[in-house]
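Novice: Mind folding the following:
(chains A and B)
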Amino acid sequence: MTLHQYTLIAIMAVVVIVLRSIPFVLFSGKRKVPPTLLYLGKVLTAAAIAMLVVYSLYGNLNYPQAGAKNLPAGLLASAVTIILHWFFKNPLISIIAGTASYMFLI
Amino acid sequence: MKKLFRKAFADSLPVLMGYLSMGIAFGILLATQVKGANFLTAAMMSFSTISGSMQFAAVEMLANAASYTLLLTAMLAVLINIRYAMYGISLVRYFANYPWYIRYYLIWTLTDETYALESSTTLRGRKRMYYSLLVSSFDHLYWFTGSVIGAAAGAFITFDTAGIDFAMTALFLVVLTDLVRHKANRLPALTGGLSTLLALIFFVAFYPDAVNRMLLAAMALMIAVLLILRKKYQKKYGGTL
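Specialist: Have a look, this model is predicted:
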(Lines give C-alpha, C1' and ligand atoms only; values in the text may rest on other atoms or scores of the structure.)
Protein backbone atom coordinates (compact mmCIF):
# COMPACT_ATOMS: atom_id res chain seq x y z
CA MET A 1 0.00 0.00 0.00
CA THR A 2 1.45 3.34 -1.08
CA LEU A 3 0.80 6.81 0.26
CA HIS A 4 -1.15 7.56 -2.92
CA GLN A 5 -3.46 4.61 -2.23
CA TYR A 6 -4.08 5.81 1.34
CA THR A 7 -4.81 9.28 -0.03
CA LEU A 8 -7.40 7.82 -2.43
CA ILE A 9 -9.08 5.97 0.47
CA ALA A 10 -9.18 9.21 2.46
CA ILE A 11 -10.63 11.19 -0.46
CA MET A 12 -13.39 8.65 -0.99
CA ALA A 13 -14.29 8.62 2.70
CA VAL A 14 -14.38 12.42 2.89
CA VAL A 15 -16.48 12.78 -0.28
CA VAL A 16 -19.04 10.28 1.04
CA ILE A 17 -19.30 12.05 4.40
CA VAL A 18 -19.60 15.47 2.76
CA LEU A 19 -22.35 14.20 0.44
CA ARG A 20 -24.26 12.73 3.37
CA SER A 21 -24.00 16.05 5.24
CA ILE A 22 -25.10 18.32 2.37
CA PRO A 23 -28.86 18.35 3.07
CA PHE A 24 -28.29 18.89 6.80
CA VAL A 25 -25.98 21.85 6.15
CA LEU A 26 -27.79 23.46 3.21
CA PHE A 27 -31.44 22.75 3.79
CA SER A 28 -31.80 22.75 7.55
CA GLY A 29 -33.56 26.13 7.48
CA LYS A 30 -36.48 26.99 5.24
CA ARG A 31 -34.37 27.04 2.09
CA LYS A 32 -35.84 24.96 -0.75
CA VAL A 33 -33.78 22.45 -2.74
CA PRO A 34 -33.13 23.74 -6.29
CA PRO A 35 -35.29 21.57 -8.62
CA THR A 36 -32.41 20.92 -11.06
CA LEU A 37 -30.33 19.48 -8.22
CA LEU A 38 -33.23 17.35 -7.07
CA TYR A 39 -33.71 16.04 -10.61
CA LEU A 40 -30.00 15.26 -11.09
CA GLY A 41 -29.88 13.52 -7.73
CA LYS A 42 -32.68 11.23 -8.78
CA VAL A 43 -31.47 10.34 -12.29
CA LEU A 44 -27.71 10.21 -11.68
CA THR A 45 -27.79 7.18 -9.39
CA ALA A 46 -29.09 4.85 -12.10
CA ALA A 47 -26.83 6.53 -14.69
CA ALA A 48 -23.73 6.20 -12.47
CA ILE A 49 -24.37 2.55 -11.62
CA ALA A 50 -24.87 1.79 -15.34
CA MET A 51 -21.55 3.54 -15.95
CA LEU A 52 -19.87 1.32 -13.36
CA VAL A 53 -21.36 -1.79 -14.98
CA VAL A 54 -19.92 -0.89 -18.38
CA TYR A 55 -16.61 0.20 -16.89
CA SER A 56 -16.02 -2.80 -14.65
CA LEU A 57 -17.10 -5.17 -17.44
CA TYR A 58 -14.45 -3.51 -19.59
CA GLY A 59 -11.98 -4.09 -16.74
CA ASN A 60 -12.84 -7.81 -16.75
CA LEU A 61 -12.02 -7.96 -20.47
CA ASN A 62 -8.36 -7.22 -19.79
CA TYR A 63 -7.68 -10.61 -18.24
CA PRO A 64 -4.49 -11.85 -19.91
CA GLN A 65 -5.21 -15.55 -19.25
CA ALA A 66 -8.52 -15.68 -21.05
CA GLY A 67 -8.02 -13.71 -24.27
CA ALA A 68 -10.80 -14.02 -26.84
CA LYS A 69 -13.15 -15.87 -24.46
CA ASN A 70 -13.47 -12.78 -22.28
CA LEU A 71 -16.28 -10.87 -23.94
CA PRO A 72 -18.69 -13.80 -24.41
CA ALA A 73 -17.85 -15.07 -20.90
CA GLY A 74 -18.48 -11.62 -19.41
CA LEU A 75 -21.77 -11.17 -21.24
CA LEU A 76 -22.96 -14.67 -20.35
CA ALA A 77 -22.06 -14.27 -16.68
CA SER A 78 -23.79 -10.88 -16.68
CA ALA A 79 -26.94 -12.47 -18.08
CA VAL A 80 -26.81 -15.16 -15.37
CA THR A 81 -26.47 -12.47 -12.68
CA ILE A 82 -29.31 -10.29 -14.02
CA ILE A 83 -31.78 -13.13 -14.63
CA LEU A 84 -31.17 -14.72 -11.21
CA HIS A 85 -31.52 -11.37 -9.51
CA TRP A 86 -34.62 -10.32 -11.44
CA PHE A 87 -36.48 -13.44 -10.29
CA PHE A 88 -34.99 -14.34 -6.90
CA LYS A 89 -34.01 -10.88 -5.58
CA ASN A 90 -31.22 -12.39 -3.47
CA PRO A 91 -28.02 -10.34 -4.03
CA LEU A 92 -25.70 -13.00 -2.61
CA ILE A 93 -27.01 -15.82 -4.80
CA SER A 94 -26.88 -13.61 -7.91
CA ILE A 95 -23.32 -12.41 -7.25
CA ILE A 96 -21.89 -15.80 -6.30
CA ALA A 97 -23.55 -17.59 -9.24
CA GLY A 98 -22.51 -14.84 -11.69
CA THR A 99 -18.91 -14.77 -10.48
CA ALA A 100 -18.65 -18.57 -10.36
CA SER A 101 -19.92 -18.89 -13.91
CA TYR A 102 -17.43 -16.26 -15.08
CA MET A 103 -14.52 -18.00 -13.33
CA PHE A 104 -15.65 -21.28 -14.87
CA LEU A 105 -15.99 -19.82 -18.38
CA ILE A 106 -12.62 -18.07 -18.71
CA MET B 1 -35.26 0.84 26.36
CA LYS B 2 -34.88 -2.94 26.30
CA LYS B 3 -37.93 -3.15 24.07
CA LEU B 4 -36.49 -0.52 21.73
CA PHE B 5 -33.17 -2.39 21.59
CA ARG B 6 -34.98 -5.59 20.66
CA LYS B 7 -37.05 -3.83 18.00
CA ALA B 8 -34.02 -2.12 16.43
CA PHE B 9 -32.10 -5.40 16.39
CA ALA B 10 -35.02 -7.33 14.88
CA ASP B 11 -35.53 -4.69 12.18
CA SER B 12 -31.83 -4.75 11.35
CA LEU B 13 -31.65 -8.55 10.91
CA PRO B 14 -32.12 -8.47 7.11
CA VAL B 15 -29.30 -5.90 7.01
CA LEU B 16 -27.17 -8.25 9.15
CA MET B 17 -27.49 -10.98 6.50
CA GLY B 18 -26.84 -8.54 3.66
CA TYR B 19 -23.97 -6.53 5.15
CA LEU B 20 -22.14 -9.48 6.64
CA SER B 21 -22.10 -11.37 3.35
CA MET B 22 -21.42 -8.35 1.14
CA GLY B 23 -18.78 -7.19 3.61
CA ILE B 24 -17.08 -10.60 3.39
CA ALA B 25 -17.20 -10.41 -0.42
CA PHE B 26 -15.66 -6.93 -0.33
CA GLY B 27 -12.93 -8.04 2.07
CA ILE B 28 -11.98 -11.08 -0.02
CA LEU B 29 -11.91 -8.96 -3.18
CA LEU B 30 -9.76 -6.28 -1.54
CA ALA B 31 -7.25 -8.75 -0.11
CA THR B 32 -6.91 -10.73 -3.35
CA GLN B 33 -6.88 -7.80 -5.82
CA VAL B 34 -4.90 -5.06 -4.09
CA LYS B 35 -1.25 -5.78 -3.31
CA GLY B 36 -0.45 -5.13 0.34
CA ALA B 37 -4.05 -4.64 1.42
CA ASN B 38 -5.02 -6.62 4.53
CA PHE B 39 -7.74 -6.70 7.19
CA LEU B 40 -6.54 -3.36 8.58
CA THR B 41 -7.08 -1.70 5.20
CA ALA B 42 -10.56 -3.22 5.03
CA ALA B 43 -11.26 -2.12 8.61
CA MET B 44 -10.16 1.44 7.85
CA MET B 45 -12.30 1.68 4.71
CA SER B 46 -15.41 0.06 6.16
CA PHE B 47 -15.25 2.06 9.38
CA SER B 48 -14.93 5.40 7.63
CA THR B 49 -16.82 5.04 4.34
CA ILE B 50 -19.62 2.47 4.89
CA SER B 51 -20.69 2.38 1.25
CA GLY B 52 -20.84 -0.87 -0.72
CA SER B 53 -20.84 0.57 -4.23
CA MET B 54 -18.06 3.02 -3.34
CA GLN B 55 -15.85 0.40 -1.73
CA PHE B 56 -16.30 -2.19 -4.49
CA ALA B 57 -15.35 0.48 -7.03
CA ALA B 58 -12.43 1.43 -4.76
CA VAL B 59 -10.93 -2.06 -5.11
CA GLU B 60 -10.39 -1.48 -8.83
CA MET B 61 -9.11 2.03 -8.20
CA LEU B 62 -6.63 0.92 -5.53
CA ALA B 63 -5.40 -1.97 -7.70
CA ASN B 64 -4.58 0.52 -10.50
CA ALA B 65 -3.94 3.49 -8.23
CA ALA B 66 -1.33 5.04 -10.51
CA SER B 67 -3.93 5.89 -13.17
CA TYR B 68 -6.34 7.54 -10.70
CA THR B 69 -5.54 11.17 -9.94
CA LEU B 70 -6.97 12.80 -6.82
CA LEU B 71 -9.44 14.84 -8.90
CA LEU B 72 -10.68 11.86 -10.92
CA THR B 73 -11.13 9.87 -7.70
CA ALA B 74 -13.09 12.69 -6.06
CA MET B 75 -15.35 13.14 -9.11
CA LEU B 76 -16.04 9.42 -9.34
CA ALA B 77 -16.83 9.32 -5.63
CA VAL B 78 -19.31 12.19 -6.03
CA LEU B 79 -21.11 10.53 -8.92
CA ILE B 80 -21.26 7.06 -7.36
CA ASN B 81 -22.58 8.42 -4.06
CA ILE B 82 -24.72 11.34 -5.19
CA ARG B 83 -27.85 9.61 -3.90
CA TYR B 84 -26.64 10.10 -0.32
CA ALA B 85 -27.01 13.86 -0.80
CA MET B 86 -30.74 13.27 -1.32
CA TYR B 87 -31.39 10.93 1.60
CA GLY B 88 -30.97 13.58 4.25
CA ILE B 89 -33.66 15.83 2.81
CA SER B 90 -36.50 13.84 4.37
CA LEU B 91 -34.64 13.36 7.66
CA VAL B 92 -33.53 16.95 8.32
CA ARG B 93 -36.59 17.80 10.39
CA TYR B 94 -36.07 14.84 12.74
CA PHE B 95 -32.29 15.12 13.13
CA ALA B 96 -32.42 18.88 13.81
CA ASN B 97 -33.50 18.33 17.43
CA TYR B 98 -30.88 15.70 18.31
CA PRO B 99 -27.62 16.50 20.18
CA TRP B 100 -24.89 17.30 17.66
CA TYR B 101 -22.79 14.18 18.34
CA ILE B 102 -25.75 11.89 17.72
CA ARG B 103 -26.74 13.90 14.64
CA TYR B 104 -23.25 13.63 13.17
CA TYR B 105 -23.00 9.93 13.83
CA LEU B 106 -26.37 9.36 12.11
CA ILE B 107 -25.34 11.47 9.10
CA TRP B 108 -21.95 9.76 8.81
CA THR B 109 -23.47 6.24 8.86
CA LEU B 110 -26.46 6.91 6.58
CA THR B 111 -26.35 4.03 4.06
CA ASP B 112 -29.11 2.87 1.69
CA GLU B 113 -30.38 0.22 4.09
CA THR B 114 -30.03 2.36 7.21
CA TYR B 115 -31.91 5.16 5.46
CA ALA B 116 -34.69 2.76 4.52
CA LEU B 117 -35.18 1.74 8.16
CA GLU B 118 -34.77 5.18 9.72
CA SER B 119 -37.00 7.03 7.28
CA SER B 120 -39.83 4.50 7.47
CA THR B 121 -40.13 4.11 11.25
CA THR B 122 -43.27 5.59 12.82
CA LEU B 123 -41.57 6.25 16.17
CA ARG B 124 -41.40 9.87 17.33
CA GLY B 125 -39.27 12.03 19.64
CA ARG B 126 -36.60 10.48 21.89
CA LYS B 127 -37.68 6.96 20.98
CA ARG B 128 -37.04 7.71 17.32
CA MET B 129 -33.60 9.10 18.13
CA TYR B 130 -32.49 6.06 20.13
CA TYR B 131 -33.99 3.72 17.53
CA SER B 132 -32.03 5.46 14.74
CA LEU B 133 -28.85 5.44 16.83
CA LEU B 134 -29.19 1.70 17.48
CA VAL B 135 -29.99 0.85 13.84
CA SER B 136 -27.04 2.95 12.61
CA SER B 137 -24.64 1.34 15.09
CA PHE B 138 -25.81 -2.19 14.28
CA ASP B 139 -25.50 -1.66 10.52
CA HIS B 140 -22.10 0.00 10.92
CA LEU B 141 -20.92 -2.98 13.01
CA TYR B 142 -22.24 -5.59 10.53
CA TRP B 143 -20.49 -3.97 7.57
CA PHE B 144 -17.25 -3.49 9.51
CA THR B 145 -17.21 -7.05 10.87
CA GLY B 146 -18.04 -8.62 7.50
CA SER B 147 -15.28 -6.85 5.63
CA VAL B 148 -12.64 -7.58 8.28
CA ILE B 149 -13.57 -11.28 8.26
CA GLY B 150 -13.47 -11.28 4.44
CA ALA B 151 -10.08 -9.57 4.21
CA ALA B 152 -8.58 -11.83 6.88
CA ALA B 153 -9.92 -14.90 5.04
CA GLY B 154 -8.74 -13.52 1.70
CA ALA B 155 -5.15 -13.68 2.92
CA PHE B 156 -5.38 -17.48 3.10
CA ILE B 157 -6.95 -17.98 -0.32
CA THR B 158 -4.46 -19.94 -2.37
CA PHE B 159 -6.65 -21.42 -5.12
CA ASP B 160 -6.79 -19.80 -8.55
CA THR B 161 -8.78 -16.60 -8.16
CA ALA B 162 -8.65 -15.57 -11.84
CA GLY B 163 -11.98 -13.98 -12.65
CA ILE B 164 -13.02 -13.35 -9.03
CA ASP B 165 -13.03 -9.62 -9.80
CA PHE B 166 -16.21 -10.25 -11.77
CA ALA B 167 -17.87 -10.07 -8.33
CA MET B 168 -17.55 -6.29 -8.65
CA THR B 169 -19.36 -6.25 -11.99
CA ALA B 170 -21.96 -8.62 -10.54
CA LEU B 171 -22.57 -6.32 -7.57
CA PHE B 172 -23.17 -3.34 -9.85
CA LEU B 173 -25.46 -5.48 -12.03
CA VAL B 174 -27.46 -6.46 -8.95
CA VAL B 175 -27.83 -2.84 -7.85
CA LEU B 176 -28.78 -1.82 -11.41
CA THR B 177 -31.34 -4.63 -11.70
CA ASP B 178 -33.02 -3.45 -8.49
CA LEU B 179 -32.98 0.16 -9.74
CA VAL B 180 -34.62 -0.61 -13.10
CA ARG B 181 -37.49 -2.42 -11.42
CA HIS B 182 -38.73 1.19 -11.12
CA LYS B 183 -39.65 2.39 -14.59
CA ALA B 184 -38.41 5.94 -13.87
CA ASN B 185 -34.83 4.65 -13.58
CA ARG B 186 -34.76 2.91 -16.97
CA LEU B 187 -34.03 5.83 -19.30
CA PRO B 188 -31.46 7.38 -16.90
CA ALA B 189 -29.72 3.98 -16.66
CA LEU B 190 -29.72 3.65 -20.44
CA THR B 191 -28.32 7.19 -20.73
CA GLY B 192 -25.50 6.37 -18.31
CA GLY B 193 -24.68 3.04 -19.94
CA LEU B 194 -24.66 4.36 -23.50
CA SER B 195 -22.67 7.49 -22.57
CA THR B 196 -20.01 5.28 -20.98
CA LEU B 197 -19.95 2.89 -23.93
CA LEU B 198 -19.52 5.82 -26.35
CA ALA B 199 -16.75 7.38 -24.27
CA LEU B 200 -15.07 3.98 -23.94
CA ILE B 201 -15.10 3.31 -27.70
CA PHE B 202 -13.78 6.81 -28.37
CA PHE B 203 -10.90 6.49 -25.90
CA VAL B 204 -9.96 2.93 -26.91
CA ALA B 205 -9.83 4.09 -30.54
CA PHE B 206 -8.00 7.40 -30.09
CA TYR B 207 -6.35 7.43 -26.63
CA PRO B 208 -5.69 3.78 -25.74
CA ASP B 209 -3.11 4.80 -23.11
CA ALA B 210 -5.54 6.98 -21.18
CA VAL B 211 -8.69 4.85 -21.01
CA ASN B 212 -9.22 5.63 -17.31
CA ARG B 213 -9.83 9.25 -18.26
CA MET B 214 -12.82 8.18 -20.31
CA LEU B 215 -14.80 8.17 -17.05
CA LEU B 216 -14.61 11.97 -16.93
CA ALA B 217 -15.89 12.17 -20.52
CA ALA B 218 -18.64 9.66 -19.73
CA MET B 219 -19.75 11.64 -16.67
CA ALA B 220 -19.82 14.94 -18.57
CA LEU B 221 -21.72 13.34 -21.44
CA MET B 222 -24.40 11.70 -19.28
CA ILE B 223 -24.99 14.85 -17.22
CA ALA B 224 -25.33 16.89 -20.42
CA VAL B 225 -27.78 14.41 -21.98
CA LEU B 226 -29.80 14.11 -18.75
CA LEU B 227 -30.10 17.91 -18.52
CA ILE B 228 -31.00 18.32 -22.20
CA LEU B 229 -33.65 15.59 -22.02
CA ARG B 230 -34.92 16.69 -18.60
CA LYS B 231 -38.34 17.91 -19.83
CA LYS B 232 -38.89 14.71 -21.84
CA TYR B 233 -37.91 12.44 -18.93
CA GLN B 234 -40.03 14.34 -16.44
CA LYS B 235 -43.03 14.34 -18.77
CA LYS B 236 -42.70 10.62 -19.38
CA TYR B 237 -42.52 9.73 -15.70
CA GLY B 238 -45.01 12.24 -14.38
CA GLY B 239 -44.32 13.44 -10.86
CA THR B 240 -41.70 10.87 -9.91
CA LEU B 241 -38.66 12.77 -11.24
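Novice: Secondary structure class of A:K32, three-state.
Specialist: The three-state assignment at A:K32 reads coil, by DSSP: H, G, I helix; E, B strand; the rest coil.
Novice: what about it, distance to chain B?
Specialist: According to C-beta to the nearest C-beta, to the nearest Å, A:K32 and chain B sit 10 Å apart. Heads up, the C-betas are built off the backbone N, CA and C, glycines and all.
Novice: Now the most centrally placed residue in chain B: which helix or strand?
Specialist: Centroid check for chain B by C-alpha atoms, centre = their mean gives B:S53 as the closest residue, at 3.2 Å. B:S53 belongs to helix B:52-63 when assigned by DSSP states H and E.
Novice: Tell me who's in contact with the nearest residue to the residue nearest to the centre of chain B once chain neighbours are set aside.
Specialist: Residue nearest to B:S53 in three dimensions, not counting chain neighbours: B:I80, with 5.6 Å by C-beta to C-beta, 6 or more residues apart in numbering or on different chains. Going by C-beta atoms under 8 Å, 6 or more residues apart in numbering or on different chains, B:I80 touches A:A48, A:I49, A:L52, B:S51, B:S53, B:M54, B:A57.
Novice: again, only using 6 Å
Specialist: A:A48, B:S53, B:M54, B:A57 (C-beta atoms under 6 Å, 6 or more residues apart in numbering or on different chains).
Novice: Count the neighbours of the third one for me.
Specialist: Spelled out, that is B:M54. Look at B:M54: counted by other C-beta atoms under 10 Å in any protein chain shown, it has 21 neighbours.
Novice: Per-residue pLDDT of the residue nearest to B:S53, please?
Specialist: You'll see B:I80 listed with a pLDDT of 89.
Novice: tilt between the helix or strand where it lies and helix B:52-63?
Specialist: Using DSSP H and E, B:I80 sits in helix B:70-81. Going by axes from the mean of the first three to the mean of the last three C-alpha atoms, to 10 degrees, helix B:70-81 is angled at 160 degrees with respect to helix B:52-63.
Novice: can you pull the buried residues of helix B:70-81?
Specialist: B:L72, B:T73, B:A74, B:M75, B:L76, B:A77, B:V78, B:L79, B:I80, B:N81 (16 or more other C-beta atoms under 10 Å in any protein chain shown).
Novice: Distance to A:W86 added to the residues you listed, as TSV?
Specialist: Listed next are the buried residues of helix B:70-81 as TSV, based on distance: C-beta to C-beta, whole Å:
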residue	distance to A:W86
B:L72	33
B:T73	32
B:A74	34
B:M75	31
B:L76	27
B:A77	29
B:V78	29
B:L79	25
B:I80	23
B:N81	25
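Novice: which non-adjacent residue is nearest B:L200?
Specialist: Spatially, and ignoring its direct neighbours in sequence, B:L200 is nearest to B:M214 (5.5 Å; C-beta to C-beta, 6+ apart).
Novice: Quick one: residues contacting that neighbour.
Specialist: B:M214 makes contact with B:A199, B:L200, B:F203, according to C-beta under 6 Å, 6+ apart.
Novice: Buried ones among these?
Specialist: Neighbour-count burial within the contacts of B:M214 applies to B:A199, B:L200, B:F203; the criterion is 16+ other C-beta under 10 Å.
Novice: Would you confirm that the first one contacts B:L216?
Specialist: No: in this structure, B:A199 is not within contact of B:L216 by C-beta atoms under 6 Å, at 8.5 Å.
Novice: Now do A:W86 against chain B, distance only.
Specialist: In this view, A:W86 and chain B are 6 Å apart by C-beta to the nearest C-beta.
Novice: tell me the domain ranges of chain A?
Specialist: For chain A, the structural domains run A:1-32, A:41-105, going by automatic domain parsing.
Novice: Quick check: end-to-end length of the last one?
Specialist: Terminal residues of domain A:41-105 are spaced 38 Å apart (C-alpha to C-alpha, to the nearest Å).
Novice: Could you tell me how far it lies from the centre of the chain?
Specialist: Between the centre of domain A:41-105 and the centre of its chain there are 10 Å (C-alpha atoms, centre = their mean, to the nearest Å).
Novice: That domain - what's its average pLDDT?
Specialist: Here the average pLDDT along domain A:41-105 is 88.
Novice: same question, the shortest one
Specialist: Per-residue pLDDT over domain A:1-32 has a mean of 90.
Novice: From the contact counts, what lies against the longest helix seen in chain B?
Specialist: Counting by DSSP state H, the longest helix found in chain B is helix B:2-33. Identification of packing neighbours for helix B:2-33 by 3 or more C-beta pairs under 6 Å, 6 or more residues apart in numbering or on different chains; DSSP states H and E yields helix B:52-63, helix B:125-154.
Novice: right, so of the ones you listed, which gets closest to B:F9?
Specialist: Nearest to B:F9, of all those, is helix B:125-154, at 6.5 Å by C-beta to C-beta.
Novice: Remind me what that closest one packs against, helices and strands.
Specialist: Checking 3+ C-beta pairs under 6 Å, 6+ apart, helix B:125-154 ends up next to helix B:2-33, helix B:39-48, helix B:100-108, helix B:112-120.
Novice: okay if I get those helices as JSON lines plus mean neighbour count?
Specialist: Output for the helices and strands packed on helix B:125-154, formatted as JSON lines (neighbours: other C-beta atoms under 10 Å in any protein chain shown):
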{"stretch": "helix B:2-33", "mean neighbour count": "19"}
{"stretch": "helix B:39-48", "mean neighbour count": "20"}
{"stretch": "helix B:100-108", "mean neighbour count": "16"}
{"stretch": "helix B:112-120", "mean neighbour count": "18"}
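Novice: Since that was my last question, I'll sign off now.
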